[in-house]
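# give me the fold of what follows.
(6 chains, ligands or ions: 3)
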Amino acid sequence: MKKIECIVRPQKLETIQTSIRRLGIRGMTLTNVLGCGLQKGRTEVYRGYTLTNNFFLRTKIEIVVTDDMVNQIVEVISKESYTGEIGDGKVFISNVENALRILSGDSGKYAI
Amino acid sequence: MKKIECIVRPQKLETIQTSIRRLGIRGMTLTNVLGCGLQKGRTEVYRGYTLTNNFFLRTKIEIVVTDDMVNQIVEVISKESYTGEIGDGKVFISNVENALRILSGDSGKYAI
Amino acid sequence: MKKIECIVRPQKLETIQTSIRRLGIRGMTLTNVLGCGLQKGRTEVYRGYTLTNNFFLRTKIEIVVTDDMVNQIVEVISKESYTGEIGDGKVFISNVENALRILSGDSGKYAI
Amino acid sequence: MKTSLRKNGIFLGIFTALLLAIPGIALGAEPSVESNAVAIDTIWTLIAGFLVFFMQAGFAMVEAGFTRAKNAGNIIMKNLMDFSIGSLIYWLFGFAIMFGVDQAGLFGTTGFGMSDTFEHLGLSIPLPAFLLFQTVFAATAATIVSGAMAERTKFMSYIVYSFVISAVIYPVVGHWIWGGGWLMERGMIDFAGSTVVHSVGGWAALIGALLIGPRVGKYSKDGKSHAIPGHNITLGALGVFILWFGWFGFNPGSTLSGTNPDIGKIALNTNLAAAAGATVTMIFTWIKYKKPDVSLTLNGALAGLVAITAGCLAVDPLGAAIIGSFSGILIVLSVEFIDQFLKIDDPVGAISVHGVCGSFGTIMVGFFAVDGGLVYGGGTALLITQIIGVASVFAWTAVTSLILFGIIKATLGLRVTEEEEIRGLDIGEHGMEAYSGFEMKAPSINI
Amino acid sequence: MKTSLRKNGIFLGIFTALLLAIPGIALGAEPSVESNAVAIDTIWTLIAGFLVFFMQAGFAMVEAGFTRAKNAGNIIMKNLMDFSIGSLIYWLFGFAIMFGVDQAGLFGTTGFGMSDTFEHLGLSIPLPAFLLFQTVFAATAATIVSGAMAERTKFMSYIVYSFVISAVIYPVVGHWIWGGGWLMERGMIDFAGSTVVHSVGGWAALIGALLIGPRVGKYSKDGKSHAIPGHNITLGALGVFILWFGWFGFNPGSTLSGTNPDIGKIALNTNLAAAAGATVTMIFTWIKYKKPDVSLTLNGALAGLVAITAGCLAVDPLGAAIIGSFSGILIVLSVEFIDQFLKIDDPVGAISVHGVCGSFGTIMVGFFAVDGGLVYGGGTALLITQIIGVASVFAWTAVTSLILFGIIKATLGLRVTEEEEIRGLDIGEHGMEAYSGFEMKAPSINI
Amino acid sequence: MKTSLRKNGIFLGIFTALLLAIPGIALGAEPSVESNAVAIDTIWTLIAGFLVFFMQAGFAMVEAGFTRAKNAGNIIMKNLMDFSIGSLIYWLFGFAIMFGVDQAGLFGTTGFGMSDTFEHLGLSIPLPAFLLFQTVFAATAATIVSGAMAERTKFMSYIVYSFVISAVIYPVVGHWIWGGGWLMERGMIDFAGSTVVHSVGGWAALIGALLIGPRVGKYSKDGKSHAIPGHNITLGALGVFILWFGWFGFNPGSTLSGTNPDIGKIALNTNLAAAAGATVTMIFTWIKYKKPDVSLTLNGALAGLVAITAGCLAVDPLGAAIIGSFSGILIVLSVEFIDQFLKIDDPVGAISVHGVCGSFGTIMVGFFAVDGGLVYGGGTALLITQIIGVASVFAWTAVTSLILFGIIKATLGLRVTEEEEIRGLDIGEHGMEAYSGFEMKAPSINI
Ligand SMILES: Nc1ncnc2c1ncn2[C@@H]1O[C@H](COP(=O)(O)OP(=O)(O)O)[C@@H](O)[C@H]1O
Ligand SMILES: Nc1ncnc2c1ncn2[C@@H]1O[C@H](COP(=O)(O)OP(=O)(O)O)[C@@H](O)[C@H]1O
Ligand SMILES: Nc1ncnc2c1ncn2[C@@H]1O[C@H](COP(=O)(O)OP(=O)(O)O)[C@@H](O)[C@H]1O
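Ligands and ions are numbered 1, 2, ... in the order given. A predicted model of the protein is given here:
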């Protein structure tokens, strides 16, 4: 099993979710994060002094899937997240050793 | 070392935490997440039109432990999280290569 | 590639970020978390009854880097986060199998 | 232009008003000393009534702020609807019960649907102004209950309750003490309604909270009480400031007369009692709990206001400060007693603020009334009357509320399902969230 | 001390006031029955004006609360600036257009920059008090638009719009109906401004929202309308309570006379219509959507208030309750119609509340005016006049707004960039965030 | 019923009021032209006082909204307590210092604990009404400081400070200018208290903020100033609207007389100055910083209000607009100067708004007073008097505050520990959180 972790623009979430569902994947977990990367921070002026904020609101999507689904999902996500502007985000893939579905007690690939 | 990552109902948090403490584990990190899975979304009506929300507020608990504790902890979590209703959540286990306790500089299993 | 995940005091964030940037690392992702560890919870009195809160607001910093950068970064983080008081936080290191930069389509170490 | 207007005999819209404003044109009648005095009384009563109306906003903010975010929309809705429904039903029904021609000292019997001129009241101000003023008072009594029953009551059941309290429960008490009923005849002093308004609301809240039971998670199996902190103390505090502001209409306005020179004293007494209540609660919680408690201190200000409402005319400023100070201690003890001993779950402290301090303040008049109070050598006659009044109102309200909430419980049900309660009433009852856009802690954890 | 003061001939500061307060010293003139009547009218008008001013806070809270957090600072700023700029321009320009000496029944022509005594108005109250009262009314009309165009309008363009509506569009209508113009001559009844104030704001909002187009994400490509929930319903509800409170200045204050015995009736009618509006909307949404809708019910209260504004003096309490009830249904249908059929994106329902219910309420006067209404056997004359009035105001406002917004669109541009809209106008237009310190859901997701 | 009432000789409760309201029954005295005039003055003063009271809510919202969430409960508590404690101490002590019989032009010496009739004031309105009005003014001065010292001051120390300013520092200045003291004798014009109330608060704030030092993180080691944005701009804006609303009591109410025909002009001037202040600040920040700054524009409205307070009676509307406009620029420069040059950390801009603009507005009276101002050919006499007044009040307030805060610092300590400051004063001082239920950004990061 692999965990696909991607950091995307929040406004892309809805289309990403819909496309992933079409692949038959329903489970996913979202986290609100602040991301910093190559994208240049914006400068705000508040009461006369400037503050530069290098962090942007992003959404982290975590999906744990069996190994064979990984490529397909990454592809969909990349496609849906792409805008061509800096800040489009990243995808990280790591290994998950086991999973457990609490309700049924199923583990391993039956759990996801 | 393993990282146990579980997505549970927030209202179960207190009992889970108490039970885990009983195993001698004190370190854990909580994150507020939105989860989507088999549980059917709820439909809200706002100013006359319906919006379906597939995401539920969930809490992610991350615990890094030595390999020998994993089973015990997973068992406790499953037991405390179980309600029998869809949406009870999942547990994922993955490998952690090293850990460091900043205060003492201890690393590896001494760090957790 | 490795993922460095560290849980630090929020007020240390700014100096940590600055120091890491100096190493040439710009990408990182922050999450607001609640942490519980050896640090003793605080007791609040609200309308006459006490409630003990074992959780503290912490910031989780995730940085994915090539293997050779790991030690350097961990060192910087430990140094900047250190206060000598309990609650200074932890660093966890785990393996990341692949990464993808959505904008360019680069993968592996070119993506980070 | 004026000429052409007159030529055409058109006197409409704002311009009529302009012309009416010129003494000598208004209604064809010259202004007189008497008509001016009536006008002063009318604008005073109306403005005071507007301030009392604004207290609805105060109640809404206090109740919403002191409870959890997941129920904020529901509380707002309850406050809006008890005022709206209450306004309609009091106009059609409650007012007649309260101020109609007296029947055996118990209730009024005439003027339903405003089918009467209510001449027997001998009002100098126009009847609609008086009705408006009474309406906003009636709605205050109704709205108190929503706080004590917050975070678990079915919306439909709350609507039914509001209807009945505004139509019957409150107007009957109002008749007894203000509308020519038996307590008025006995000489009870409840100038602006510590008992009539606040204790009626408070005691109905007591019965309601008792019958509905505590919120999920409030008491653990071993009976230990847990804190469930409010979600927006800033808003709650704003609510307290709004209530205090509104109380300057509530008490001084109850003269129904701006020509009455006592209005200054009443306003001063009201302010001193509130200030003393807040100050003493702060000091008392500081000593008792080691830290000055914000939410109890806010309650303390309200406790002082509720307590002085009965005697704001009858006592002097020192008496007002003393009554306020006592209330500042009483509120803390009462909140603790109800929560930890009686184990009745009152999220915002409404029973203590309105029921306990309202009754307490009414009895204190028996001690501190400059004219007739025990402390000023007036003997115990007034004190006994006050106690009888407080007790009878308690009995009436408790019994009728018990019947009312009992019937609702047996038919509609009082409480939402546990699942709905955990998820929040905003979603469950109204399909919405109050704070869309904010990241919230998941409902029902309070770490 | 008093003696020494007199000796020195110093009559300054607060002390002057003290002395002025002593009848017989003030301005060297003894108080008389007439001067007292004028004083009563003056304080009434001023206090009512203060309440109407406070409605600005209500509008700001409603509009901010019903839209997203990322635009809250921008909305606040718009509300603050339309009032501020409006106050200045109305003082220098708009007031003269509205109340200057009439030209062909169309607009005023004298008194720009207050260079006139406006004696032709025959005011008994001092001119500055009248001007203040009219200023807060003018600002109300202006502020309505910001809600309908919220979350996407360029700040600069909004400033230009505010300027023009306060200087010309509103004052011309005001002149027609209140300032001696042709509709006033025809006998149109719009006592406190359902048409003059609210429908002008509402129709300008309609044109503005039409020209600027919907918010990003509001309609999907297939034309389906999506909900974009407001970020702070508690604050929105506070806004509604503040508006209701302010309306007690808006309607009863429009007599400009505290000696007018009708002020009680007007206040009562205002309250009943609002209560009926809220109650009926709650019931109607409950039936229609299965759940009582909080935000529509809040709109329902406002709908009742807007609708009764024209006829608050002319109708009786029953008529007020009926007009309020109808508005409670109309508002729901209108919001749905505009959103889903016309596909005009009005985030807070301003067009429906102010434009539709304002016009509806004005027409209802033709039916329910006790004196002249169809229902009371008064024939159709008044009704026809009312309809002509409503239609002409619609035509004037729509055409001038179309020109105004058209020009702005062609020159400055009406809309911010899509990127800025997604990120939020607070950052884009003002470089700040309204809720720094809170974790927010990322802008533009609403899950 | 009325008969039976009379038979029993019972005239109590609300019914008494009803009867009192009938001219001819009230206190056995027929209403007269004089009694009506007094009644008009009394209700005007009281209602104005109520509005000024409500400014406390405005201050609480502005100060809470403009600072961080972790200190919101503490700020609320400070605002509540300075009003409460201030009300009590001013009643018992401060009022006597301010309005007691004059001693050498410096302070009053009689009437402590209200043991006097204060007949030497020659008040026509009842003394309690006057006292209430003065109390809410005194509390305004006290509350200004909490904003400037927010987010780091020990609660206990703040309580001590409040006590002293309401008991001594403010009343002495009040005596000088309003209570028959030496500046009053000299003819200084500070009609409603730009200097008496606002500059006293502002200068005390200056000394307090100077002595306590900046918040952790405000200035980096290199002396660079960092922004620490407020947590709730919507609430802060609501506070500004509430303050503006309350100012309609503050200025026009300072006539203490509703029969004074100038109240309309005062209200108009007040509104124009605020509108001009906000407008000019918006334009000025737009030019200076490229974007119209929301929080400074909100300050700009307050700057206009503070500045016009001294001259609201003496200047004409054009003068008011000019004074307001200048303040709109001054506030921006002053905030920058204090923050970046003096390096005094004033989280909400209180020193600039109240101290600087209050003094500025007072001096401007010397230029723009229609009667005696330099611009109107009145020479420099008044201007010099104004400057002397402003300077003496600065000296008195600065010296006494220095002593006061110095003693507190040396004994109780002014500041909480750094750890507590980082975690937030809500937890540290009161054991609570203001926004339980919301996910917050961790205290002390502001990304
Ligand atoms: N090395 C990294 N480790 C962790 N998160 C990263 C890393 N690099 C980028 N990110 C995350 O991905 C987001 C997008 O990265 P950014 O460099 O801004 O965009 P892009 O790669 O499209 O130019 C960042 O905001 C950050 O949250
Ligand atoms: N494949 C997955 N990857 C990541 N998170 C998942 C996955 N499947 C489920 N989850 C998380 O677990 C939660 C519970 O899953 P759900 O399917 O609703 O419950 P259950 O498995 O008990 O029926 C989800 O809300 C989601 O946050
Ligand atoms: N075993 C663990 N698994 C996950 N997170 C942990 C673990 N131990 C500690 N943490 C995180 O690290 C933070 C700091 O730990 P703590 O024990 O309080 O400090 P210290 O190690 O410096 O004494 C905790 O608040 C928690 O978020």
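# tell me, how many neighbours does residue 30 end up with?
I'll assume chain A. The number of residues packed around A:Leu30, counting by other CB atoms under 10 Å in any protein chain shown, is 21. (C-beta placed from N, C-alpha, C; glycine too.)
# that answer is for a different chain, and I need it for chain D
D:Glu30: 13 surrounding residues under other CB under 10 Å.
# three-state assignment of it?
coil (DSSP: H, G, I helix; E, B strand; the rest coil).
# which residues does the nearest residue to A:Leu30 once chain neighbours are set aside bridge with?
Excluding its sequence neighbours, the residue lying closest to A:Leu30 (CB to CB, 6 or more residues apart in numbering or on different chains) is B:Leu34, at 4.3 Å. Per DSSP bridges, the residues bridged to B:Leu34 are A:Leu30, B:Leu57.
# so who does B:Leu34 touch?
Listed by CB atoms under 8 Å, 6 or more residues apart in numbering or on different chains, the contact set of B:Leu34 reads A:Thr29, A:Leu30, A:Thr31, B:Phe55, B:Phe56, B:Leu57, B:Arg58, E:Ile447.
# my guess is the fifth one contacts B:Gly87. True?
Put plainly, it is B:Phe56. Yes - B:Phe56 is within contact range of B:Gly87, at 6.5 Å (criterion: CB atoms under 8 Å).
# excluding covalently adjacent residues, which one is nearest to residue 72?
Because you didn't say which chain, this covers chain A. In this structure, A:Gln72 finds its nearest non-sequential neighbour in A:Leu23, 5.9 Å apart by CB to CB, 6+ apart.
# my bad, the chain I had in mind was chain D
Closest residue to D:Ala72 apart from its sequence neighbours, by CB to CB, 6+ apart: D:Ala434 at 3.9 Å.
# now do D:Lys265
Using CB to CB, 6+ apart and skipping the chain neighbours, the partner closest in space to D:Lys265 is F:Pro128 (4.4 Å).
# my read is the one you found is in a strand, agree?
No - counting by three-state DSSP, F:Pro128 is not found in a strand; it is helix.
# tell me the pLDDT of the closest residue to D:Val315 other than its chain neighbours.
Among residues not flanking D:Val315 along the chain, D:Phe368 sits closest, at 4.5 Å (CB to CB, 6+ apart). For D:Phe368, the pLDDT comes out at 98.
# report the contact partners of residue 79.
Reading this off chain A. A:Lys79 makes contacts with A:Ser19, as judged by CB under 8 Å, 6+ apart.
# oops, I was thinking of chain D
Neighbouring residues of D:Asn79 by CB under 8 Å, 6+ apart: D:Gln56, D:Phe59, D:Ala60, D:Glu63, D:Thr143, D:Ser146, E:Ala237.
# also D:Pro214?
Residues in contact with D:Pro214 (CB under 8 Å, 6+ apart) are D:Lys343, D:Ile344, D:Asp345.
# equivalent analysis for D:Val375, please.
D:Val375 neighbours (CB under 8 Å, 6+ apart): D:Gly319, D:Phe367, D:Phe368.
# so where do the helices sit in the stretch 101-250 of chain D?
Using DSSP state H, counting those that start in this stretch, the helices assigned to the stretch 101-250 of chain D run over residues D:127-148, D:155-164, D:170-177, D:182-186, D:200-212, D:233-250.
# low pLDDT regions in the stretch 201-350 of chain D?
For the stretch 201-350 of chain D, no stretch is flagged by pLDDT under 70.
# can you name the residue of it nearest ligand 1?
Residue of the stretch 201-350 of chain D nearest ligand 1, by CB to the nearest ligand atom: D:His231 (29.8 Å).
# hmm, that residue is touching D:Gly65, no?
Yes - taking contacts as CB under 8 Å, D:His231 lies within contact range of D:Gly65: 7.0 Å.
# what about stretch D:200-207 and chain F, any contact?
No - Stretch D:200-207 is not in contact with chain F by CB under 8 Å from any CB of the partner chain; minimum separation 14.9 Å.
# if I look at the residue sitting furthest away from the middle of chain A, how far off is F:Ala205?
In chain A, the residue that sits farthest from the middle, by CA atoms, centre = their mean, is A:Gly48; the gap is 36.4 Å. Between A:Gly48 and F:Ala205 the computed distance is 19 Å (CB to CB, to the nearest Å).
# check D:Leu305 too.
With distances taken as CB to CB, D:Leu305 is found 30 Å from F:Ala205.
# who's more crowded, the two?
Comparing D:Leu305 with F:Ala205 by other CB under 10 Å, the one with more neighbours is D:Leu305, at 32 against 28.
# the strand or helix carrying the more buried one to helix D:170-177, inter-axis angle?
In this structure, D:Leu305 sits in helix D:294-311 according to DSSP states H and E. Here helix D:294-311 runs at an angle of 50 degrees relative to helix D:170-177 (axes from the mean of the first three to the mean of the last three CA atoms, to 10 degrees).
# stretch D:337-349: which residues count as buried?
By neighbour count on 16 or more other CB atoms under 10 Å in any protein chain shown, the buried set for stretch D:337-349 is D:Ile338, D:Asp339, D:Ile344, D:Asp345, D:Asp346, D:Pro347, D:Val348, D:Gly349.
# and the third one, helix, strand or coil?
For D:Ile344, the reduced secondary structure class is coil; criterion used: three-state DSSP.
# sorry, back to before: just the element for the residue lying closest to the residue farthest from the centre of chain A once chain neighbours are set aside, please.
Closest residue to A:Gly48 apart from its sequence neighbours, by CB to CB, 6+ apart: F:Glu336 at 5.4 Å. In the assignment (DSSP H and E), F:Glu336 maps to helix F:317-336.
# in a markdown table, list the contacts of D:Val375 along with neighbour count.
Below are the contacts of D:Val375 laid out as a markdown table (neighbours: other CB atoms under 10 Å in any protein chain shown):
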| residue | neighbour count |
| --- | --- |
| D:Gly319 | 25 |
| D:Phe367 | 20 |
| D:Phe368 | 23 |
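# for chain F, what's the nearest residue on chain D?
D:Gly264 (3.0 Å; CB to the nearest CB).
# burial count for the nearest residue to that residue once chain neighbours are set aside?
Nearest non-adjacent residue to D:Gly264, counting by CB to CB, 6+ apart: F:Ala129, 3.0 Å away. Neighbourhood size, F:Ala129 [other CB under 10 Å]: 27.
# for chain E, give me its nearest residue in chain A.
For chain A, the nearest residue to chain E under the criterion CB to the nearest CB is A:Pro10, separated by 3.2 Å.
# and the residue nearest the centre of chain D?
By CA atoms, centre = their mean, the mean C-alpha position of chain D lies nearest to D:Thr140, the distance being 3.3 Å.
# who are the contact partners of the residue nearest to that one when sequence neighbours are not counted?
Once flanking residues are discounted, D:Thr140 sits nearest to D:Val197: 5.4 Å by CB to CB, 6+ apart. Residues near D:Val197 by CB under 8 Å, 6+ apart: D:Phe137, D:Thr140, D:Ala141, D:Tyr170, D:Thr309, D:Gly358.
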